[in-house]
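# sequence and predicted structure below; questions after.
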Amino acid sequence: MAESRRDTAAGPVARGAAGWALPVALIAALLTLAVVALRLAPPAPLPAGAPADRFSAGRARAVLAELAGDGQPHPVGSPAAAAVRERILANLRAAGYQPQVEEGFACSRGGACATVENVVAELPGREPDSAVLLAAHYDSVAGGPGIADDLAGVAAILEVARILKAGPPPRHSILFLLDEGEEAGLLGAEAFFAGSPEAPRVRAAVNLEARGSSGRSLMFETSPDNAWLVRLYAGSVRRPATSSVFATIYERLPNDTDFTVMKRRGISGLNFAFIGDWEHYHTAHDDLADLSLASLQHHGDNALGTARALAGADIGRPHRGRAVFFDLLGWKTIWWPAAWNLALALAGLALLALAAVRLRGRGLLPGRALALGLAAWPLAVVATGIVGFLLFFLLQLVGAFRVPWPARPFPGEATFWFLGATVALATVGWVRRAGFAGLWVGCWLWWGLCGLLLALVLPGASYLFVVPVLVAGVAALSLPASEEGRALATVLPAVAAGLVWFPIVIPLYEGMGVSLLPVIGLLVALVLTSLLPLVAEAAGAWRFGLPALAGFLAVVMAVGVVVVPQFSPQSPRRLNLSYVEDADAHRGRWVVPSLAPLPPPLAKAAAFGRRPAPPFPWSPLPAYSAPAPALGLAAPELTVLEDVNVGGKRNLRLRLRSPRGAPVGIVVIPAGAGVESLAVGGHEVPSPPRGPSGGWRTLAVLTLPAPGIEIEAVVKAVGPQPWTVLDRTPGLPPAGAALLQARPDTAVPGQDGDVTTVSRKVAI
């Protein structure tokens, strides 16, 4: 029997398409997801016997094991850091280099100051007046051995240095910078660019970092005018892993690496890092056993390829123009000038408009169908966002998601992936009367408008919409108006959407943690809107069964989030223990910074309060406190050497000293002092960034010499002010043995580790 015109407007030309099109589309979407997930793995590591001109993770690991020594933390200025430095020097000399140690002093914007010792070596080029810098830092935090962050980067550079030394001289010299003090506030890089005689020659840089112990070596940051750099990157690496979305996000985060210093100095370059297994980052689990050799291989391949490319490029002249870029399944880097974005977005919208005109001319797109179709996309996305954030809030109420990265992330991730599928597919029932044509045009017009908006305000992220829209427009105009053609017009852009979106959505949790889970659910729903036209035309079993199944799985996974332990010995909680002695009150206390409740054995080991509170007036982080014995440790000293009133302001010269030989001395200045300037050892301390400090000014000298160090300050307050001075040593005193024993194997120290602090107030 012939179809009526009304049936044609509401549905496909022949309803038989719904019998096979949706299953095929779902299979295509799942295959796309599987292929993307497989290609997100780093390349296989090469053994120590690999060809000498290839980077070998096997050889680099042997170097890394030598550098690590006994695997102890080696923070800036420590004897352990000095031992690592000597091993680096020995390795470079064995490779035929003549490395130099450059000593400097630097202060961070956060008020941390230290003496640093950077290792610098050079591979001379045919044009030695310009140089490419290959950089990594060799210091670690006090709470972990720093194998991935960043001795893996150091070992990779040493292997690259060996390879390049055996080859022909490059066009431009290559400088190898292995600096100290990055963890303390980028101090080594600051000292290098402020005082090294080699720094003025640097025209381009490659920096190696890590924020985890596994995963791909991502090229996640570039200098601003990056089109020429992206072109070089695309032609020089074997397994690209990058996206201008990463660079766009990172620019808006309060995170820094040594590359931040390079960008401030106007140096062009690329920044690489692997970020898998964040739970090992800055803890005792950042060790050799947990480092992925595949990540080390990828790191080294990237460093070698980009260093060679930059050393042979025209780096002596200014380069202009930004790029939009992404890797296609790790096989090829796709990029174009950001200036093309607006034209591409408009072209996609134009193609969609032509497709809509064709459908309307054939009577397949009445006004009501288009209106309902236009309502489908925002309904699916907004509804998913609302439901997702409500579910996240409810899970937090019952005790889930108290840490950024729980030990077993699968239940949490799966909950919001299934939630996104549930809400997106369920919304079709509200707008089903739009029919295939109305939903197809309505959804893709929204995609096109998002692409246009991002092309104007966030160009680096625009390709996520522009690429699928262009595929949708071309498919709609080139395919025949048949069952197969219309199915392909849905499947092809849906696959394109998966190819560009899944490489962003899958690692989003890895990069940002549980706080982004509702956003992940929203993005999953957004991608699935590309399939809504076929879902609306499917038989009832498919149309109702798919969201019901997804919803059931979301509930099961949500239960898993609540019942599965958030910590394990392999993915432990970060829990530092501190002893703090108030020398004025002759009183000690145990302090454990934490938002979540303490582990029961630890809570029983001392009389900790039930609620955490900031341990100091200037500290924004809450902590549990318990009484501890006063040990009578020698208090730090802050002595006034000179106090001169100039123009109504006090010019102070002070000496900070630790009689007990603590390596770290800290001065906390109250807001009422009105600090105008600070200098340590003759070096100016930059003004701190704005933050939740309450006006307090903190100065930390991390390499405090035994005789002390001079501090100069200009303050507005003419009367005495109660300054606080503290010193800090690593580890707990013997009285803390019971606490150390009570800390379970599901908790480890991190960042600054366990410390002993003595404080006193000084009237200045």
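Right, received. Where do you want to start?
# quick check: buried residues in the helix or strand hosting Phe465?
With elements taken from DSSP states H and E, the one containing Phe465 is helix 463-478. For helix 463-478, a neighbour-count test (16 or more other C-beta atoms under 10 Å) marks 463-476 as buried. Just so you know, the C-beta spots here come from the backbone N, C-alpha and C atoms, and that holds for glycine as well.
# again with stretch 548-564
Of the residues in stretch 548-564, 550-551, 553-554, 557-558, 560-561, 564 count as buried by neighbour count, 16+ other C-beta under 10 Å.
# ok, stretch 124-140 next?
Buried positions in stretch 124-140, judged by neighbour count with 16+ other C-beta under 10 Å: 125, 130-140.
# neighbours of Glu209, just the number please.
For Glu209, the count of nearby residues is 26 (other C-beta atoms under 10 Å).
# report the contact partners of the residue lying closest to it once chain neighbours are set aside.
Of all residues not flanking Glu209 in the chain, Ala273 sits nearest, at 4.1 Å (C-beta to C-beta, 6 or more residues apart in numbering). If a contact means C-beta atoms under 8 Å, 6 or more residues apart in numbering, then Ala273 has 208-211, 217-218, 220, 257 as its contacts.
# then Cys107?
113, 185, 187, 190, 680, 683-686.
# most surrounded residue in the residues you listed?
Result: Leu187 is most packed of these (other C-beta under 10 Å), 31 neighbours.
# so that residue sits against Ala112, correct?
Yes. At 7.2 Å, Leu187 and Ala112 qualify as touching, with contact defined as C-beta atoms under 8 Å.
# quick one on the thing from earlier: reformat the contacts of Cys107 as a markdown table; add distance to Pro600, secondary structure and pLDDT.
Converted to a markdown table, these look like this (distance: C-beta to C-beta, whole Å; DSSP: H, G, I helix; E, B strand; the rest coil; pLDDT from 0 to 100):
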| residue | distance to Pro600 | secondary structure | pLDDT |
| --- | --- | --- | --- |
| Cys113 | 40 | strand | 97 |
| Gly185 | 37 | coil | 95 |
| Leu187 | 40 | helix | 98 |
| Glu190 | 44 | helix | 97 |
| Val680 | 43 | strand | 96 |
| His683 | 47 | strand | 94 |
| Glu684 | 49 | strand | 94 |
| Val685 | 43 | coil | 95 |
| Pro686 | 44 | coil | 92 |
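# sorry, back to before: tell me which two in the contacts of Ala273 are the farthest apart.
Pairwise distances among those were taken by C-beta to C-beta; the largest, 13.8 Å, belongs to Ser217 and Thr257.
# neighbour-wise, which of those two wins?
Just comparing Ser217 and Thr257: by other C-beta under 10 Å the higher neighbour count belongs to Ser217, 31 against 26.
# all helices of the stretch 451-600 of the chain, in order?
Taking DSSP state H, counting those that start in this stretch, the helices of the stretch 451-600 of the chain run over residues 463-478, 483-505, 508-512, 517-528, 532-537, 540-563, 600-605.
# how about the stretch 51-200 of the chain?
57-68, 79-94, 153-165, 187-195.
# please apply the same query to the stretch 601-750 of the chain.
737-742.
# how about low-confidence regions in it?
Within the stretch 601-750 of the chain, the stretches with pLDDT under 70 are 690-694.
# where along it do the strands fall?
Using DSSP state E, counting those that start in this stretch, the strands of the stretch 601-750 of the chain run over 623-628, 637-646, 649-657, 664-669, 675-680, 683-684, 697-701, 709-715, 722-730, 747-748.
# now the third one against strand 675-680, angle please.
By that I understand strand 649-657. Angle of strand 649-657 versus strand 675-680, following axes from the mean of the first three to the mean of the last three C-alpha atoms, to 10 degrees, is 30 degrees.
# now do the second one
Between the axis of strand 637-646 and that of strand 675-680 there is an angle of 130 degrees, by the same axes, to 10 degrees.
# so where's the longest helix in the protein?
Longest helix of the chain, by residue count under DSSP state H: helix 367-397.
# any idea which helix or strand comes after that helix?
Counting by DSSP H and E, the next helix or strand C-terminal to helix 367-397 is helix 410-426.
# ok now that following helix, how far from the chain's centre?
Offset of helix 410-426 from its chain centre (C-alpha atoms, centre = their mean, to the nearest Å): 24 Å.
# what comes up buried for that helix?
411-426.
# just the buried positions in stretch 47-66, please.
55-61, 63-64.
# and for stretch 637-655?
637-638, 649-652, 654.
# of those residues, which pair is most distant in space?
So for these, where distance means C-beta to C-beta, the most widely separated pair is Glu637 and Lys649, at 24.5 Å.
# how near is the nearest residue to Phe416 once chain neighbours are set aside to Thr415?
Leaving aside its chain neighbours, Phe416 sits nearest to Gly521 (3.6 Å; criterion: C-beta to C-beta, 6+ apart). To Thr415, Gly521 is 8 Å away according to C-beta to C-beta, to the nearest Å.
# identify the contacts common to these two.
With contacts taken as C-beta under 8 Å, 6+ apart, Gly521 and Thr415 have no neighbour in common.
# low-scoring pLDDT stretches of the chain, where are they?
1-19, 539, 690-694.
# walk me through the domains of it.
Here the domain parsing of the chain from automatic domain parsing is 5-39+357-563, 57-321, 573-764.
# and the residue nearest the centre of the chain?
Centroid-nearest residue in the chain, with C-alpha atoms, centre = their mean: Gly511, separated by 5.0 Å.
# name the nearest residue to it, sequence neighbours excluded.
Of all residues not flanking Gly511 in the chain, Ile275 sits nearest, at 5.8 Å (C-beta to C-beta, 6+ apart).
# identify the residues contacting stretch 337-355?
So stretch 337-355 is contacted by 227, 321-324, 336, 441, 444-445, 448-449, 451-452, 454-456, 459-460, 462, 465-466, 469-470, 472-474, 476-477 (C-beta under 8 Å, 6+ apart).
# my bad, should have said stretch 681-688
The contact list for stretch 681-688, computed with C-beta under 8 Å, 6+ apart, reads 105-111, 113, 677-679, 697-699, 709-710, 712.
# at 7 Å instead, please
105-107, 109-111, 113, 678-679, 697, 699, 709-710 (C-beta atoms under 7 Å, 6 or more residues apart in numbering).
# same check, this time on stretch 74-82
Stretch 74-82 is contacted by residues 72-73, 84, 114-116, 139-142, 146, 180-181, 183-184, 187, 663, 702-703 when judged by C-beta under 7 Å, 6+ apart.
# go again using 8 Å as the cut-off
For stretch 74-82, contacts defined as C-beta under 8 Å, 6+ apart pick out 69, 72-73, 83-84, 114-117, 138-142, 145-146, 180-181, 183-184, 187, 663, 702-703.
# give me the buried entries from those.
The buried subset of the contacts of stretch 74-82 - by 16+ other C-beta under 10 Å - is 72-73, 84, 114-117, 138-142, 145-146, 180-181, 183-184, 187, 663, 702-703.
# so which of those sit within strands?
Among those, DSSP state E puts 114-117 in strands.
# tell me the one of the residues you listed nearest Val592?
Of all these, Val592 sits closest to Ala114, with 26.6 Å by C-beta to C-beta.
# next up, the contacts around that closest one.
Contact partners of Ala114, counting by C-beta under 8 Å, 6+ apart, are 76-77, 105-106, 181, 184, 187, 701-703.
# so how far is Glu537 from Trp444?
To Glu537, Trp444 is 16 Å away according to C-beta to C-beta.
# show me how far stretch 660-668 is from its chain's centre.
Here the centre of stretch 660-668 is set off from its chain's centre by 31 Å, with C-alpha atoms, centre = their mean.
# gap between the two ends of that stretch?
Distance across stretch 660-668, first residue to last, is 19 Å (C-alpha to C-alpha, to the nearest Å).
# in TSV, list the domains of the chain along with distance to Ala50.
TSV is the format used below for these (distance: least, C-beta to C-beta, whole Å):
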stretch	distance to Ala50
domain 5-39+357-563	23
domain 57-321	7
domain 573-764	35
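# out of the ones you listed, deepest packed?
Stretch with highest mean neighbour count among the domains of the chain: domain 57-321 (a mean of 22; mean count of other C-beta atoms under 10 Å).
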